[in-house]
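1. Sequence first, predicted coordinates after that:
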Amino acid sequence: MSDHEEMENMIAAWVLGATDPEESKEIARHVDGCDTCRATAARLRRIAEAIPLAVEEVEPPSGLRQRILSAATSAGTAPAPARVESPARVIPLRRPRVNLRPAGRVPLSAVAAMVVVALAAGLVIGDLANRTAPPAATNQVAKFNLAGHDSMAGARASVVDLKSDGIAFVDFSGLPALAPGKVYELWLIGGSSRVDAAGVFVPDSNGNKVVVVSRPLTGYTTMAVTTEQGPDGVTAPTQQPQLAGTIA
């Protein structure tokens, strides 16, 4: 992996404040002199700022309290009687301040996973709060799944495609351990036999990894993974993918 690719992989952690001071200075210097990484950092900042961790107060549906009490009673839990002076309100969530470095540097996979989870949580919260958005905005976020077979039968991945920002997060789990000198390589496949490399990666000891794809997925129909020679992978797949999914 080149120095540029290493810096590019650390940008998400840097944007979220999860790098130590020395790393932050090094990344900042690289971003200042690299147009590609500067654009990636700008997109990630917009994504972080747009994650909807705060919601508006809304009135709960009528009868919600009674349904909750009934469910608790039927489960064998007798709720304590309480006097309700006013209708319940949904308390707006506030963006928490989290200490990301209590015991050293936070791995990039964990940081990227925070973005994926926070984005997904924001979408769910928006649905629960009945927040409406124009159809065009709704179509700017797409989610896909990848599934493994044969030697990668237990592997899977979820893809969050942020179309308006031209960036996607791929959250892998259950990946088999790699042989020495091998890497996983991510491929984007489109029409007319178009196959483009989208990065190489090595999962953690639990088979997990979050990969940032810093390009639009427009024009591609399939995302796939093969095992290739490390550390930099290859320019074309050397085997049939055993982990893949449709992304169109």
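-> That came through fine. All figures in this text were calculated on a predicted structure; none of them were measured in a lab.

2. for this structure, what spans make up the strands?
-> Counting by DSSP state E, the chain has strands at residues 141-148, 156-162, 167-173, 182-190, 195-201, 209-213, 220-229, 243-246.

3. Just want the angle from the second one to strand 141-148.
-> Note on geometry: by axes from the mean of the first three to the mean of the last three C-alpha atoms, to 10 degrees, strand 156-162 and strand 141-148 are set 160 degrees apart in direction.

4. what are the pairing partners of strand 156-162, and which direction each?
-> strand 141-148 (antiparallel), strand 167-173 (antiparallel) (DSSP bridges).

5. Go ahead and name everything in contact with it.
-> 47, 116, 119-120, 140-148, 168-174, 217, 223, 225, 243, 245, 247 (C-beta atoms under 8 Å, 6 or more residues apart in numbering). To be clear about C-beta, it is placed using only N, CA and C from the backbone, and glycine gets the same treatment.

6. nearest to Trp14, of the strands of the chain?
-> Nearest to Trp14 among these is strand 209-213 (12.3 Å), distances taken as C-beta to C-beta.

7. Now do that closest one, average pLDDT.
-> The average pLDDT within strand 209-213 is 88.

8. Buried residues, stretch 227-247. List them.
-> Thr227, Glu228, Gly230, Gly233, Pro237, Pro241, Gln242, Leu243, Ala244, Gly245, Ile247 (16 or more other C-beta atoms under 10 Å).

9. again, but for stretch 192-199
-> Quick answer for stretch 192-199 (16+ other C-beta under 10 Å): Ala197, Ala198, Gly199.

10. residues in contact with it?
-> Contact with stretch 192-199 is made by 5, 185-190, 211, 213, 215, 219-220, 223, 233-237, as judged by C-beta under 8 Å, 6+ apart.

11. can you do 6 Å?
-> With contact meaning C-beta atoms under 6 Å, 6 or more residues apart in numbering, stretch 192-199 is reached by Leu186, Trp187, Leu188, Ile189, Val211, Val213.

12. Buried only: go through those for me.
-> Using 16+ other C-beta under 10 Å as the burial test, those include Leu186, Trp187, Leu188, Ile189, Val211, Val213 as buried.

13. May I ask you to confirm that the fourth one is in contact with Gly219?
-> No. Taking C-beta atoms under 6 Å as the contact criterion, Ile189 and Gly219 are not neighbours in contact, 10.3 Å apart.

14. Now do the shared contacts for those two.
-> With the criterion set as C-beta under 6 Å, 6+ apart, the contacts of Ile189 and Gly219 do not overlap.

15. With just CA atoms, put stretch 28-42 into PDB.
-> C-alpha atoms of stretch 28-42 as PDB (Å, rounded to 0.1, in the frame of the first residue of the first chain):
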ATOM      1  CA  ALA A  28      -3.200  17.800   7.300                       C
ATOM      2  CA  ARG A  29       0.100  18.400   5.400                       C
ATOM      3  CA  HIS A  30      -0.800  15.600   3.000                       C
ATOM      4  CA  VAL A  31      -4.400  16.900   2.400                       C
ATOM      5  CA  ASP A  32      -3.100  20.500   1.800                       C
ATOM      6  CA  GLY A  33      -0.900  19.200  -1.000                       C
ATOM      7  CA  CYS A  34      -3.200  16.500  -2.500                       C
ATOM      8  CA  ASP A  35      -6.300  17.500  -4.500                       C
ATOM      9  CA  THR A  36      -7.800  14.100  -4.400                       C
ATOM     10  CA  CYS A  37      -7.500  13.700  -0.600                       C
ATOM     11  CA  ARG A  38      -8.700  17.300  -0.100                       C
ATOM     12  CA  ALA A  39     -11.800  16.600  -2.000                       C
ATOM     13  CA  THR A  40     -12.400  13.300  -0.100                       C
ATOM     14  CA  ALA A  41     -12.000  15.200   3.200                       C
ATOM     15  CA  ALA A  42     -14.500  17.800   2.100                       C
END
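
16. Perfect, that will be all.
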